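>>> Sequence first, then the predicted structure, then my questions.
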Amino acid sequence: MFCGLLWMCLLCLHGPEFARADPLLVELANGKLRGKDNVAYYSYESIPYAEPPLGTLRFEPPQPYKRQWTETFDASQPPEFCLQWNLYIDGANKLLGTEDCLTVSVYRPKNVSRSSFPVLAFIHGGGFMFGGAEENGHEYIMSTGNIIMVKISYRVGPLGFLSAGDAHFPGNFGLKDQRLALHWIKQNIASFGGEPENIMLIGHSAGGASVHLQLLHGGLEGLIKAAASLSGNALDPWAQQHYERQKAFELGYVLDCKVAGNSVELKQCLQAKDAKDIVSAVPHFLVFGYVPFAPFGPVVEAANTPEPFLTQQPAEIMASGSYSHIPWLLSCTANEGGFNAALFLDKQDNGKELIEVLNTRWNELAPDLLFYRHTKNTLEELNLRSQELKRQYLGDRDFSSDSYWDMQRMFTDLLFKNSVQRVLDLQRQHSQSPLYSYVYDNPADSGIGHWQSRRKDVFLGTVHCDDLFLIVNNSQHPTLRADEKIISKNLLRMIVDFVESDQGTLTYDNCAFTDIAGQGKVELLSITREGCENKQVEELS
């Protein structure tokens, strides 16, 4: 009896809370930092992983943070938003954040039964234009008590993705930020009680597309163990910027950088400008509200770019099989397009819904709403494509509240679902590691679509973010229904089990995902409030 009690006492004394005298104090190569006790978990926020991308480091790949702290670094302050033109700010001035923002924030549960924890590295979404670590809550994940969460901040908008299309000004700086942050996590997470060999990379929307692009870039073997792209992938039409050189010089012209097509001079001129002026130029690239929602984003870089991130089209990389073969989950919700389409349910001052504007401006706006302007050579071809889409989804009807649901279906297919189908068809042919997919269908009472439309009297279906907000808490979905609490628990358990699995297997509740790598047909998991079910599908519908 005495020996048993002694063993339990020794186990407690050697648990994570007693591994050091002060669990809030962490020592890194840069020096010591102090975090914050949040009752249920510890947080260590706003830790720099790169040198501030200011001055001549603006529009350059990130440089590893090498500074030494002479005093204990205060890691109790929440992360700043990277400087951006933010969709969710009402009013004309949507400027938010700071340029010095390349940080990671670590959240570690209090759980004396574990001496170390697997790690969830999270990349936020926002169309590569906006968003931040701070808006994605960590309380749900911390409530599991079984995983460390690390939120990655990266450059967005023109500061993260402006490109002149050549080796001198290549772009993709935000993606390069993410990769450097992953290396920082690998090298430092053990100091926080994390397991460097058990890191899962997850992202949503543009974050999901970023995760996919990180896989396609390669070099993830040994850096992470598993990955998940929720509601975003590299073939989404908004996940690649087009006309990038034209946009770069147009932005330069707006800011009086008239450099006659010289990208070196353009970069030097823009490096000398106020960063707020650069980001405040975003409205020059919008045609209607915040449309297109991703005017700046990833590009295919010139082949002679020093240390490029992406020099081939994503589809070509998938077809070649030359990418990181890591167990990967790709998902979507049933009605993703409500994120974009619900905007048109907002009522104008005259009481009419905004959707009626499309009856006179459809040809003008459709190519930017649905990201196919770059696919046609003439205005006539663009107009023909726009009219074909309208007939395909609405028939002879006008745009109105009565035809809204079919318009939303158009947005869902073209902006999200069609690309999921293409990715699964391409990647399962060559994947040497498990490949999984799910569709989530359980409408939220409050979400992104409701915010966009400013209404809750219209049924929107299961919109973009409806599953995300069961994983990371968010003010737009402040409370969970009883069924959502069950689904949230299952999703969180799924994530922890995925990163801890030695075989890369994936389960949700009592359903085992089917690995579709190398399979002739797509089989995905359907998740609803009633439960889960494996379904074989010819195409996503």
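Yep, it's here. Numbering: from 1, shown residues only.
>>> From now on I want contacts and neighbour counts done on CA atoms only, so please keep to that.
Fine.
>>> Can you show me the helices along the stretch 401-541 of the chain?
Assigned by DSSP state H, counting those that start in this stretch, the stretch 401-541 of the chain shows helices spanning 404-412, 418-430, 448-453, 482-500.
>>> Could you save the ones you listed as CSV and add columns showing mean neighbour count and mean pLDDT?
Formatted as CSV, those follow (neighbours: other C-alpha atoms under 10 Å; pLDDT from 0 to 100):
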stretch, mean neighbour count, mean pLDDT
helix 404-412, 22, 97
helix 418-430, 19, 95
helix 448-453, 22, 92
helix 482-500, 19, 97
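>>> distance of the nearest residue to Q271 once chain neighbours are set aside from V211?
Using C-alpha to C-alpha, 6 or more residues apart in numbering and skipping the chain neighbours, the partner closest in space to Q271 is G55 (5.5 Å). Using C-alpha to C-alpha, to the nearest Å, G55 is found at 28 Å from V211.
>>> Just to check, the residue nearest to Q271 is in contact with D274?
No - look at G55 against D274 with C-alpha atoms under 8 Å: they stay out of range, at 9.5 Å.
>>> who has more neighbours, those two?
Remark: of G55 and D274, G55 carries more neighbours, 15 against 12, as counted by other C-alpha atoms under 10 Å.
>>> ok, now how distant is G174 from A206?
Going from G174 to A206 by C-alpha to C-alpha gives 11 Å.
>>> Then D37?
31 Å.
>>> ok, these two, which is more surrounded?
More crowded of D37 and A206, by other C-alpha under 10 Å: A206, with 29 against 15.
>>> Would you enumerate the residues in contact with that one?
Contact analysis of A206 by C-alpha atoms under 8 Å, 6 or more residues apart in numbering lists 124-128, 232-233, 239.
>>> for Y65, same thing?
Residues in contact with Y65 (C-alpha under 8 Å, 6+ apart) are 48-51.
>>> So which of these are in strands?
Mapping the contacts of Y65 onto strands (DSSP state E) picks out P48.
>>> May I ask which of the contacts of Y65 has the most neighbours?
Y49 (24 neighbours).
>>> and this protein, what are its domains?
Annotated domains of the chain cover 2-126+147-302, 338-537 [automatic domain parsing].
>>> Among those, which comes closest to E139?
Across the domains of the chain, E139 has its closest neighbour in domain 338-537 (6.8 Å, C-alpha to C-alpha).
>>> Now do the end-to-end distance for the closest one.
Start-to-end, domain 338-537 (C-alpha to C-alpha) is 23 Å.
>>> distance between it and the chain's centre?
14 Å (C-alpha atoms, centre = their mean, to the nearest Å).
>>> Likewise for stretch 72-79?
Distance of stretch 72-79 from the chain centroid (C-alpha atoms, centre = their mean) equals 24 Å.
>>> in it, what counts as buried?
The neighbour-count check on stretch 72-79 (16 or more other C-alpha atoms under 10 Å) flags 73-76, 79 as buried.
>>> Give me the pLDDT for R529.
pLDDT, R529: 97.
>>> got the contact list for it?
Residues near R529 by C-alpha under 8 Å, 6+ apart: 441-442, 483-484, 487.
>>> redo that, cut-off 6 Å
Contacts for R529 (C-alpha atoms under 6 Å, 6 or more residues apart in numbering) come out as 442, 483.
>>> Would you confirm that T412 contacts A334?
No - using C-alpha atoms under 6 Å, T412 is not in contact with A334; the gap is 8.2 Å.
>>> Tell me who's in contact with the residue nearest to P306 when sequence neighbours are not counted.
Of all residues not flanking P306 in the chain, A167 sits nearest, at 6.9 Å (C-alpha to C-alpha, 6+ apart). When contacts are counted by C-alpha under 6 Å, 6+ apart, A167 touches 302, 304-305.
>>> Which members of those residues are positioned in helices?
Nothing among the contacts of A167 maps onto helices, per DSSP state H.
>>> any idea how far the residue nearest to P306 lies from V300?
11 Å.
>>> same thing with S43?
Distance from S43 to V300, by C-alpha to C-alpha: 37 Å.
>>> Kindly report the same for D74.
Distance from D74 to V300, counting by C-alpha to C-alpha: 39 Å.
>>> Repeat that for I326.
Distance, I326 to V300, using C-alpha to C-alpha: 23 Å.
>>> Ok, T507 next?
Relative to V300, T507 is positioned 35 Å away (C-alpha to C-alpha).
>>> Same question for S280.
S280 is 25 Å from V300, where distance means C-alpha to C-alpha.
>>> same question, P434
For P434, the distance to V300 - C-alpha to C-alpha - is 27 Å.
>>> and if you look at Y440?
Relative to V300, and taking C-alpha to C-alpha, Y440 is found at 31 Å.
>>> try G145
40 Å.
>>> of these two, who's got more company?
When G145 and V300 are compared on other C-alpha under 10 Å, the one with more neighbours turns out to be V300, at 22 against 18.
>>> My assumption is that that one lies in a strand; please confirm.
No - under DSSP: H, G, I helix; E, B strand; the rest coil, V300 falls outside any strand and is assigned coil.
>>> ok, it - contacts?
If you count contacts by C-alpha under 6 Å, 6+ apart, V300 has them with 310-311.
>>> and if we set it to 7 Å?
310-313 (C-alpha atoms under 7 Å, 6 or more residues apart in numbering).
>>> ok, residues contacting stretch 245-257?
For stretch 245-257, using C-alpha under 7 Å, 6+ apart, the contacting residues are 162-165, 258, 266, 269, 281.
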